[in-house]
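[1] Model the following, please.
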Amino acid sequence: MTFSSLLERPRTPSPPPVEIQFLADSPAIEVSEPDYDPTALSPISAIFPRYASISESAALPQTSPLSPSSVYLSPYSPGPTSHAEDDSIDGAIAQPFEFKQNMAGRLPASMAALRQAEFGRRRGHKFARSSVSHQIILSPTPRSPLQVPQSLPFPTFKEFRASITSEQRRRWLWCTCHLLVAGYVQFEASHSLSMTALSHLLFFDALGAFLCVAVDVGRNFEIWTRGSLRNPFGLERTEVLAGLAMSIILLFMGLDLISHGLNHALENTGGHEPHHPHHHERVSPGTVDIAALAAIISTIISATSLGNHARIARAMRPSRLPTWVPSILRNPSHLLTLSCSFLVLLVPLLSITFSSRFDSALGFTIATAMVFLGSRLCHALGRMLLMSYSGGGDVDALVRDLETDDGVSAVQEAKVWQVHYGLCMASFKVRVRTREHVERVRERIASAVRNRLGDGYGEGSRRLKWEVSSMIAVDRE
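    The predicted model follows:
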């Protein structure tokens with residue numbers, strides 16, 4: 001038998017394998033040709049009876065696994081066995097997801113309270129002490145909330161203007177009138193150095209009146225007097241800062257008057273012609289100076305009704321003045337303005353010629369007083385802003401008085417400082433001999449501070465408030 005005869009001999013087909021024969025005999029598999037749609041994106045579409053379909057076709061032809069373009073389904077894949085399961089499949093096909101209506105916006109009050117209660121809790125563990133780190137690093141002990149707020153709302157300009165009462169509005173209008181009086185005196189000065197200095201003093205008084213009204217309006221808000229973590233002493237120290245700015249203005253106005261007076265004096269010497277005309281009598285003898293009279297009236301009204309510069313005057317310790325001096329004259333600014341105005345008013349009434357030399361001498365005197373007053377105010381208010389105290393000698397006398405007490409063995413530390421116009425603080429560190437002297441020494445310190453350091457800082461409700469703290473150690477139990 002040749003090789004060619006073997007090739008020409010017909011071959012007997014071999015039977016298929018047992019696994020394929022078993023699958024072919026199984027009734028769960030039907031071999032059919034898949035429908036082919038050349039216009040479709042996919043040549044086949046499959047349906048899974050138990051888990052719904054991925055297309056709109058009703059049935060999937062289960063083809064043979066030998067076909068390269070067929071989908072092979074196992075005969076052991078379970079199919080629907082009851083009508084209830086068919087209904088659930090139809091429901092799943094109709095609505096595969098369960099959508100819930102949710103309204104956008106703020107959460108309900110109950111949900112917001114629940115989230116607020118859960119805020120800050122540790123997530124990720126069912127129990128509080130399930131982590132090893134939580135057993136080593138314990139959570140801090142719960143503390144009661146602070147009595148002092150973290151911050152207070154700051155008023156806007158619109159709120160500030162809306163909170164002005166009718167009384168405060170009338171006072172504000174009077175401050176404007178006081179400023180107009182200062183402008184009128186400056187207009188009537190006519191190159192008189194003394195009247196120019198008087199107008200500068202009136203301008204300083206008008207600024208003080210505006211500041212007093214602004215402070216009174218600021219007291220309508222809680223942030224002005226109540227302390228917080230952001231502003232421990234409220235906004236009352238803002239008034240001290242404004243007073244310091246006014247003191248600097250007064251100082252520079254005095255220096256400006258001195259420089260102008262020296263320029264005019266040098267122009268009239270050495271044969272040079274002055275740039276300004278010669279001084280003429282502004283008011284004839286025997287007549288009333290209207291400008292000086294208006295300055296006196298405006299100063300008295302502002303001092304009595306508004307109390308301008310009252311808190312600034314307390315910084316210069318007016319208690320050292322004699323007791324017979326009226327309260328309006330205890331203020332150095334009012335004293336300077338009224339004395340200058342009365343002198344300018346009396347000179348024409350006494351038929352005294354208001355010469356240029358007298359005018360220059362009076363102007364230089366007022367300017368020098370303005371420089372002295374402004375420098376003193378700057379020094380006092382600057383120390384107040386730096387949390388210091390101006391009465392150092394009184395503190396030393398107080399410490400010596402405490403050391404003479406029988407129960408006190410030593411005064412280790414004594415600190416006194418003024419926060420603003422209405423508050424001073426004192427801190428003492430004292431050692432006593434026995435425990436029985438602790439309460440008595442603490443009361444003695446508080447009363448001594450209020451009696452020795454608290455006198456002479458105003459009257460009634462304007463008196464300084466003192467906060468005294470004392471740390472007392474015992475030598476023997």
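
[2] Tell me which stretches of this structure form strands.
    408-420, 423-432, 465-474 (DSSP state E).

[3] now, of these, which is deepest in the fold?
    Most buried of the strands of the chain by mean neighbour count (mean count of other CB atoms under 10 Å) is strand 423-432; its value is a mean of 20. Placement of C-beta: from N, CA and C, glycine included.

[4] What strands line up against that one, and which way round?
    Note on strand 423-432: by DSSP bridges, its sheet partners are strand 408-420 (antiparallel), strand 465-474 (parallel).

[5] From L398, how far out is A426?
    9 Å (CB to CB, to the nearest Å).

[6] okay, the strands paired with strand 423-432 in JSON lines with distance to C212 next?
    Output for these, formatted as JSON lines (distance: least, CB to CB, whole Å):
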{"stretch": "strand 408-420", "distance to C212": "15"}
{"stretch": "strand 465-474", "distance to C212": "19"}
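
[7] which residues are in contact with both of A426 and L398?
    414, 449, 453 (CB atoms under 8 Å, 6 or more residues apart in numbering).

[8] Where does the prediction get shaky in the chain?
    Scanning the chain for pLDDT under 70 picks out the ranges 1-110, 112-137, 268, 270-282, 309, 313-325, 391-392, 455-463, 476-477.

[9] about what we covered before: and the strands paired with strand 423-432: which comes nearest G307?
    Relative to G307, the nearest member of the strands paired with strand 423-432 by CB to CB is strand 408-420, separated by 16.3 Å.

[10] contacting residues for the closest residue to V215 other than its chain neighbours?
    In space, and not counting its chain neighbours, V215 is closest to E239: 5.3 Å by CB to CB, 6 or more residues apart in numbering. Shown in contact with E239 (CB under 8 Å, 6+ apart): 211, 215, 311, 420-421.

[11] ok, and the most crowded of those?
    Neighbour counts for the contacts of E239 were taken using other CB atoms under 10 Å; the highest belongs to Y421, with 24 neighbours.

[12] Hmm, G307 and that one touching each other?
    No - using CB atoms under 8 Å, Y421 is not in contact with G307; the gap is 11.8 Å.

[13] Tell me who's in contact with the nearest residue to V344 once chain neighbours are set aside.
    Leaving aside its chain neighbours, V344 sits nearest to A292 (4.3 Å; criterion: CB to CB, 6+ apart). Applying CB under 8 Å, 6+ apart, we find A292 in contact with 185, 198, 341-342, 344-345.

[14] and the two most separated of these?
    That would be V185 and F342, which, of the contacts of A292, are the farthest apart (CB to CB) at 14.2 Å.

[15] Mind checking which of those two has more residues around it?
    Higher neighbour count among V185 and F342: V185, with 26 against 14, using other CB under 10 Å.

[16] That one against A197, yeah?
    No - judged on CB under 8 Å, V185 makes no contact with A197 at a distance of 10.0 Å.

[17] Including distance to V288, could the shared contacts of A426 and L398 go into CSV?
    Shown next, in CSV, are those (distance: CB to CB, whole Å):
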residue, distance to V288
A414, 56
V449, 51
L453, 47
